[in-house]
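Build me a structure from this.
(2 chains, ligands or ions: 2)
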Amino acid sequence: MFDFPEIFALPLGEWINIAVDWLTVTLSSVFNIITIGIRTPLVYIERFLWWIPWWALILILAILAWKVARHWVATVTVIGLLFIGLIGLWDHTMTTLAIIVTAVFVSVLIGIPLGITAAKSDRFEQSIRPILDGMQTMPSFVYLIPAVFFFGLGKVPAVVATFIYAVPPSIRLTNLGIRQVAAETVEAGKAFGCTGAQLLFKIQLPLARPSIMAGVNQTIMMALAMVVIASMIGASGLGLEVLRGIERLDVGRGFLAGFAIVIVAIIIDRISQAFGRAGTTRK
Amino acid sequence: MADNNHKIRCQGLWKIFGPRPESIRDLIENGASKQEIREATGHVIAIRDVSFEVQDNEVFVVMGLSGSGKSTLVRCINRLIEPSSGSIFIEGANIGEMDEHDLRELRRHKLSMVFQHFGLLPHRSVIDNVTFGLEVRGDSKKERMENAQKALELVELSGWESSRIQELSGGMQQRVGLARALAIGSEILLMDEPFSALDPLIRRQMQEEFLNLRSKVKKTVVFITHDLLEALTLGDRIAIMRDGAIIQLGTPQEIVTMPADDYVREFVKDVPRGKVVPVSTIIEEPPLVTDGEKSVKATVEEMEKKGVDFAFIVNANGVCEGALALEDALAVKENGATKIGEVARREFPTISPDATLEQGLPLISEGDMPVAALDKGRRLVGIITRAALLKAVQSNGENSGAPKVTTHQG
Ligand SMILES: Nc1ncnc2c1ncn2[C@@H]1O[C@H](COP(=O)(O)OP(=O)(O)OP(=O)(O)O)[C@@H](O)[C@H]1O
Ligand SMILES: [Mg+2]
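Numbering: from 1, shown residues only, chains lettered A, B, ... in the order given. Ligands and ions are numbered 1, 2, ... in the order given. Down below sits the predicted model:
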């Protein structure tokens, strides 16, 4: 009487499983290509981060921070990374960094061209806008599902989930930045006989640069926010440490790993933001 | 068809903004106004059946209030905006028939444009802004630098090459915009309200420099403005636009002295006529013209008979050789034997008939004689009297002289 009659319950879950199975089989070559496309940079970046001595990495990041950002950022970089090393999380940090850098790299590689396309075509913009809006409102856990279905467990699906979650700002802000270039400046380009490519590379992209870099910065921040969640599908690194800390009620372990994530986030955020400003307005 | 003297020829041009321009043809033929059509269909008639020709080396000014279609018109000339119908010829070539490649070549070599808000590239230095057009068309680095330096010299901005755009004042930024346009060496310059965004003082200064520049380099210019004084100062001819149509096209003098309708009349009513009206409009017949062989005595008698105190001496070819004042003649003792050629002044105030009333004023106040209006061959065209000049300068409005009440704003 009070239970919903079971005969009316749609076997929707079944159907989705069937659809996913079908997709996995028919599109297997596509997923293979994607897997290779993600694994290749991931492996190289990981190898590099394992290969480079810890002091060299700290030095490089500190010099970078000193050059482009405010000087306190360089100080924070040195102290923060030393601290991470001292609490024994250096290797975990490198693993996490490899996943994030790969996800951001893929996001930028795909997001900026999509943003450019959206800026050039109203129709394309209108068709991707609801998708981007939807992506933003969905809880980030949702992205784990397709990633696991199509790519299994491990670092590659972690990168995929991170990419899906983090790419929208790159698309959005590239589109916005190009559309915000003053109409007269674009007209000037055309009036002097620019081709489409000249217009893009000599006028639109340089002038949209602050906006594009803000988008990339947001993408980085969102990728960092996925670190812990992505560890649920097999990404090792700092995220997994936090997860273990929670699972085993080991507050100290979870807290330290979480703190390391915050340090990494601050350093990357400051440096990437400074890159966006550099060249447009001087310090 | 192609007349070589026409740099730009615009024929039956229409531009209608909206989804289906052809759908409002009937409304237009039935004489609906721009406003009615906009309200009924959402279409905007920006250009309405415009035809004109711009001569080689002419400054053609298009003037009108905001929304009258000036920017749209000038953008049709380089096809930044596609006309709805009608055609435009540049040096005889129909630009509407050009494909993308030809159009790009046209823009790279034959037309350049200056924008109201400058349209500069803030991420580039001054020199890199000026070389922009040359870079786009693939000139070598050496050519780019040479041409850009020359252009910067013309706008008096040498020495600022490596400055950033943001460091420059508005007037200087527009000079960069002008230099960028000059650098490509095109014969045609399209200028969409180039000085409107500048402070009034800077604007006057830029206008002067523009005139100065025109005396140095040969350009055919289409100049857009909403400032009548600017139009009168800079234009060889002026087209006045309203609701997308040209309602009067003429020289500054024609516009000021013969406004086509009340709309134009309203525009020109406060214009200082002295700046535009040439002295040829107030030229009078010289009362006494003689040759230099006559005796002073005979001439004095003739002057007294006519009641004038001056005479002009003109030779057989009509060339004015001197002017005789009555007082000089009376001072001569042997007036029966002396020829007037000997006592006449060789130096006397003269003016070209094309000079403006304002330019005539200082001459009038100088001497005791009327000013002789001489053409290029120094032939006497007529005289300008002090009374006529002062009257003409002070009269405001039209020749009909019907007094109009002028309301001053602000
Ligand atoms: N892209 C467009 N879409 C629709 N209507 C337009 C468009 N561009 C211009 N118009 C309309 O066309 C008319 C002419 O505009 P235009 O910009 O040529 O005027 P203007 O004389 O240059 O005015 P202003 O002095 O304000 O610059 C105006 O009514 C304007 O609203
Ligand atoms: Mg305009």
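
drop to CA atoms for contacts and neighbour counts, all remaining ones
Fine.

Which residue would be the closest one in the stretch 51-200 of chain A to ligand 1?
Shortest the stretch 51-200 of chain A-to-ligand 1 distance, computed as Cα to the nearest ligand atom: residue-wise this is A:A183, at 11.0 Å.

In PDB, list the C-alpha atoms belonging to the helix or strand harbouring B:E342.
Secondary structure from DSSP states H and E places B:E342 in helix B:340-343. Coordinates of each C-alpha in helix B:340-343 appear next as PDB, following Å, rounded to 0.1, in the frame of the first residue of the first chain:
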ATOM      1  CA  ILE B 340      49.600 109.200 -62.700                       C
ATOM      2  CA  GLY B 341      51.800 106.200 -63.200                       C
ATOM      3  CA  GLU B 342      54.600 108.200 -61.600                       C
ATOM      4  CA  VAL B 343      52.700 109.100 -58.400                       C
END
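
Show me what counts as buried in it.
Of the residues in helix B:340-343, those with enough neighbours to count as buried (16 or more other Cα atoms under 10 Å in any protein chain shown) are B:340-341, B:343.

Could you save those residues as TSV and add columns showing distance to A:S28?
Shown next, in TSV, are the buried residues of helix B:340-343 (distance: Cα to Cα, whole Å):
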residue	distance to A:S28
B:I340	114
B:G341	112
B:V343	113
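
Spell out which parts of the stretch 101-250 of chain B neighbour chain A.
Within the stretch 101-250 of chain B, the positions near chain A by Cα under 8 Å from any Cα of the partner chain are B:103-108, B:111-113, B:115, B:117-123, B:132-133, B:136-137.

which one among the buried residues of helix B:340-343 gets closest to chain A?
B:G341 (63.2 Å; Cα to the nearest Cα).

could the buried residues of helix B:340-343 be laid out in TSV, adding pLDDT and distance to A:I229?
Putting those into TSV (pLDDT from 0 to 100; distance: Cα to Cα, whole Å) gives the following:
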residue	pLDDT	distance to A:I229
B:I340	83	113
B:G341	81	111
B:V343	82	111
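
can you tell me which helix or strand the residue of the stretch 51-200 of chain A found nearest chain B belongs to?
Taking Cα to the nearest Cα as the measure, the point where the stretch 51-200 of chain A comes nearest chain B is A:T185, at 4.2 Å. Element membership for A:T185 (DSSP H and E) is helix A:183-191.

Mind checking if the following helix or strand past that helix is in reach of chain B?
Toward the C-terminal end, the helix or strand that comes next after helix A:183-191 (DSSP H and E) is helix A:196-198. Yes. Helix A:196-198 is in contact with chain B by Cα under 8 Å from any Cα, via A:Q198.

and the residue of the stretch 101-250 of chain B found nearest chain A, which of the three is it?
Relative to chain A, the nearest point of the stretch 101-250 of chain B is B:G119 (4.2 Å; Cα to the nearest Cα). Under DSSP: H, G, I helix; E, B strand; the rest coil, the three-state class of B:G119 is coil.

ditto for B:A323
B:A323 ends up strand, using three-state DSSP.

Could I get the contacting residues of it?
By Cα atoms under 8 Å, 6 or more residues apart in numbering or on different chains, the contact list for B:A323 reads B:310-313, B:344-348.
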